[in-house]
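need coordinates for the below:
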Amino acid sequence: MGVMVITVGARTTRSMKPVPDLVRELTASVTAELRQSLEQRDRPWLVDEVIRLTLAGATLADILRIERDAQLARSEAAYLAETAPDREARAERVRASRPDERWLHLQVERFGALDRARFEADGTLRGAPPKGGALITSAQRSDAGNLLLRDAKDLLYALLFGGPALGVNLPRVERELLAVTIPRAKRYVMDFMMAVSELEVRGSWRDPKGSANDERADNIVMEVEYGEVASEAVGPGIAACLRVINDLEVNEVILYSRMTNIESSSL
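Numbering: from 1, shown residues only. Model (predicted):
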């Protein structure tokens, strides 16, 4: 296999295939034989083999990481299924509200009057875990709280990604960069964020009150460019939305965000 004989007049030349070509041919042949063999096996045996090979040589830390990732995947799938109707209708809700600067100022004023203490006092939050703990679920918010969270996400979506096609009348005059640091296990609740760069980072933070300390926490930094208006109203709007989203769902002691001006950009 792999040898070609060429006869030219009275001379014979052997042309050998390059080694990479031979490797590809052998790999394809072995893959086909392996697939045929596995297709004849029963499903439980295949599952056991996948588990055995996945955990072969794994440390306790590796096993715990695999279990953590599996739990996170299940939580994310359940969350995305529950919130699918809201996400699908988000663009239409934004388009119907026709956001402009006047509307933006009203929303910032509305959200600015709200905080965690007020949410707990008026029943917007019911039995929510302490800050720094687990995500707040829809069952731990009143109907009004769920609508408020939806409004905050809609507004943030419009401020970051909205343009004329979405009915957003905010003349953008300069580019800004938003960076939000969020625990990796909570990242999926920001599913409405589009065109985002994500960086995995480890963070350490100590609560002065002695609770919810983080040591080498597994975080994600989400970075996204957006357009600012001449009055610089978009930045405060983004900050107001993030505060409400944190108080009603993300539930961090501090949801760290930073907005910086971009001198030049390819966007």
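
CA only for contacts and neighbour counts going forward, please
Will do.

just for this protein, where's the confidence low?
Within the chain, the stretches with pLDDT under 70 are 1-15, 194-217, 263-267.

please, where are all the helices along it?
Per DSSP state H, the chain carries helices over the ranges 19-39, 43-55, 60-97, 101-112, 116-121, 143-161, 234-245.

can you list those helices in TSV and add distance to Asp191?
Formatted as TSV, those follow (distance: least, C-alpha to C-alpha, whole Å):
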stretch	distance to Asp191
helix 19-39	37
helix 43-55	29
helix 60-97	8
helix 101-112	21
helix 116-121	22
helix 143-161	10
helix 234-245	12
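
deepest of those helices, which one?
helix 234-245 (a mean of 22; mean count of other C-alpha atoms under 10 Å).

thought Phe161 was touching Val234?
No. Phe161 is not in contact with Val234 according to C-alpha atoms under 8 Å; the separation is 11.5 Å.

if we can go back for a sec, to Val224, which of the helices of the chain lies closest?
helix 143-161 (7.9 Å; C-alpha to C-alpha).

wait, what's in contact with the spatially closest residue to Asn169 that is not a sequence neighbour?
Spatial nearest neighbour of Asn169, excluding adjacent residues (C-alpha to C-alpha, 6 or more residues apart in numbering): Asp100 at 4.8 Å. Asp100 sits next to Val168, Asn169, Leu170 when contact means C-alpha atoms under 8 Å, 6 or more residues apart in numbering.

my read: the first one touches Leu156, true?
If I follow you right, that is Val168. No. Applying C-alpha under 8 Å as the test, Val168 and Leu156 come out as separate, 11.9 Å apart.

coming back round to it: closest to Thr260 out of the helices of the chain?
helix 234-245 (9.6 Å).

and the closest one, what does it pack onto?
helix 101-112, helix 143-161, strand 214-228 (3 or more C-alpha pairs under 8 Å, 6 or more residues apart in numbering; DSSP states H and E).

ok, Leu55 touching Ala61?
No. Using C-alpha under 8 Å, Leu55 makes no contact with Ala61, being 11.3 Å away.

what sits in contact with each of the two?
With C-alpha under 8 Å, 6+ apart, Leu55 and Ala61 have no common neighbours.

excluding sequence neighbours, find me the nearest residue to Arg126.
Once flanking residues are discounted, Arg126 sits nearest to Gln140: 5.0 Å by C-alpha to C-alpha, 6+ apart.

burial measure for that neighbour, as a count.
Counted with other C-alpha atoms under 10 Å, the neighbours of Gln140 add up to 19.

how about the contacts made by it?
Leu125, Arg126, Gly127, Ala128.

let's have the residues you listed in TSV, adding distance to Glu49 and neighbour count.
Shown next, in TSV, are these (distance: C-alpha to C-alpha, whole Å; neighbours: other C-alpha atoms under 10 Å):
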residue	distance to Glu49	neighbour count
Leu125	46	27
Arg126	46	16
Gly127	44	11
Ala128	42	19
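
so how far is Ser29 from Leu248?
Separation of Leu248 from Ser29 (C-alpha to C-alpha, to the nearest Å) stands at 56 Å.

again, but for Arg74
Applying C-alpha to C-alpha, the value for Arg74 to Ser29 is 37 Å.

again, but for Gly112
To Ser29, Gly112 is 65 Å away according to C-alpha to C-alpha.

Ala58 too?
30 Å.

ditto for Arg87
With C-alpha to C-alpha as the criterion, Arg87 and Ser29 are 46 Å apart.

thank you, goodbye.
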